[in-house]
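From the sequence below, what's the structure:
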Amino acid sequence: MVKKFCFIFGFRNGAVIMSLVSLLTGVALILDCIMNIDKGNAKKYNSFIVVGIFMGITSLTAGGILSIAILKAKEKFILLYMLLESVLLLIVTIYAGMFVFTNAAFLLVLIVCGLMWFGIVGIYGFYTEIAQYNSSIPGAYEVSYSDQGGYMTATPSGQIDDITAV
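Sure thing, here's the model as predicted:
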């Protein structure tokens, strides 16, 4: 398990970086597609423009979800981000790999994809950190079943209470 995001940053700071990269990627994809439509390339690259706009919107959504996860400390949102971003990265990695020998820009895209995959590993570290934090919130009650035939709870102070067990 990694101890820091990209061996440099803390997991929260790494998650902020990944969120910003996802948001910027979404904006860049949508702007690129709009510029191709303005140039009159819409008929030539129609399917690529539609997929690009869809991926841009999905990347914006993923970045927004991670931003909410950072602010609210919700580990389920982090899992949703990891799912969306992994699907997007898989599509972009395959696409860049197919065209890497036809255009040098795809080599740069492939390198960025590799860094983003490495970032997803760091996001998993952030997920485990948040999940561990959320499971140890003070004031939570533990409920367990006793051998004497009833439920018992342990209060935050460690006292066992078998009367008010839920």
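
With adjacent residues omitted, what lies nearest to the residue nearest to the spatial centre of the chain?
The centre of the chain sits closest to residue 81, judged by Cα atoms, centre = their mean, with a distance of 3.0 Å. Closest residue in space to residue 81, ignoring its immediate chain neighbours: residue 66 at 4.2 Å, by Cβ to Cβ, 6 or more residues apart in numbering. Backbone N, C-alpha and C define where each C-beta goes, glycine included.

In terms of helices and strands, where is the one you found?
For residue 66, the element it lies in under DSSP states H and E is helix 46-72.

Run through the neighbouring helices and strands of that helix.
For helix 46-72, the packing partners by 3 or more Cβ pairs under 8 Å, 6 or more residues apart in numbering; DSSP states H and E come out as helix 11-38, helix 75-98.

Go through those helices and find the least confident stretch.
Lowest mean pLDDT within the helices and strands packed on helix 46-72: helix 11-38, at a mean of 85.

for that helix, packing partners?
helix 46-72, helix 75-98, helix 105-135.

Any chance of TSV for the ones you listed, columns distance to residue 22?
Shown next, in TSV, are the helices and strands packed on helix 11-38 (distance: least, Cβ to Cβ, whole Å):
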stretch	distance to residue 22
helix 46-72	3
helix 75-98	6
helix 105-135	9
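
closest one to residue 17 among the ones you listed?
Closest approach to residue 17 among the helices and strands packed on helix 11-38 (Cβ to Cβ): helix 105-135, 7.5 Å.

What are the buried residues along the closest one?
Of the residues in helix 105-135, those with enough neighbours to count as buried (16 or more other Cβ atoms under 10 Å) are 106, 109-110, 112-113, 116, 119, 122-127, 129-131.

that older thread, now do the helix holding residue 66 against helix 105-135, angle only.
Orientation check (axes from the mean of the first three to the mean of the last three Cα atoms, to 10 degrees): helix 46-72 against helix 105-135 gives 30 degrees.

So what's the gap between helix 46-72 and the chain middle?
Between the centre of helix 46-72 and the centre of its chain there are 11 Å (Cα atoms, centre = their mean, to the nearest Å).

For it, which residues meet the burial criterion?
Neighbour counts using 16+ other Cβ under 10 Å place 49, 52-53, 55-56, 58-70 of helix 46-72 among the buried residues.

thinking again about what came up before, columns distance to residue 3 on top of the helices and strands packed on helix 46-72, output as JSON lines?
Formatted as JSON lines, those follow (distance: least, Cβ to Cβ, whole Å):
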{"stretch": "helix 11-38", "distance to residue 3": "9"}
{"stretch": "helix 75-98", "distance to residue 3": "18"}
